[in-house]
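> Quick one, what's the 3D model for this:
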Amino acid sequence: VIEPAEVNVGEKVTISCTATNIGAAAGTKTIVCTVT
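Next up is the predicted model:
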């Protein structure tokens, strides 16, 4: 989710996501989000 969907230069934006492990193995994973 990106809120607000549009911003001007210098304005703040919030980016969030939800990740769910749907496999049988436990563990951790780093999620990288690149915005250009």
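
> Just the pLDDT at residue 17, thanks.
Here the pLDDT value assigned to residue 17 is 86.

> Which helix or which strand is home to it?
Using DSSP states H and E, residue 17 falls within no helix or strand.

> quick one: contacts for it?
1, 31, 33 (Cβ atoms under 8 Å, 6 or more residues apart in numbering). Bear in mind the C-beta positions are built from the backbone N, C-alpha and C, glycine included.

> And for the residue lying closest to the first one once chain neighbours are set aside, the neighbour number?
Excluding its sequence neighbours, the residue lying closest to residue 1 (Cβ to Cβ, 6 or more residues apart in numbering) is residue 16, at 5.2 Å. For residue 16, the tally of surrounding residues (other Cβ atoms under 10 Å) stands at 8.

> before we move on, back to that, adding pLDDT and secondary structure, write the contacts of residue 17 out as TSV.
What follows is the contacts of residue 17, written out as TSV (pLDDT from 0 to 100; DSSP: H, G, I helix; E, B strand; the rest coil):
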residue	pLDDT	secondary structure
1	86	coil
31	86	coil
33	82	coil
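
> In TSV: those, plus distance to residue 11 and neighbour count.
Listed next are the contacts of residue 17 as TSV, based on distance: Cβ to Cβ, whole Å; neighbours: other Cβ atoms under 10 Å:
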residue	distance to residue 11	neighbour count
1	17	8
31	24	6
33	18	8
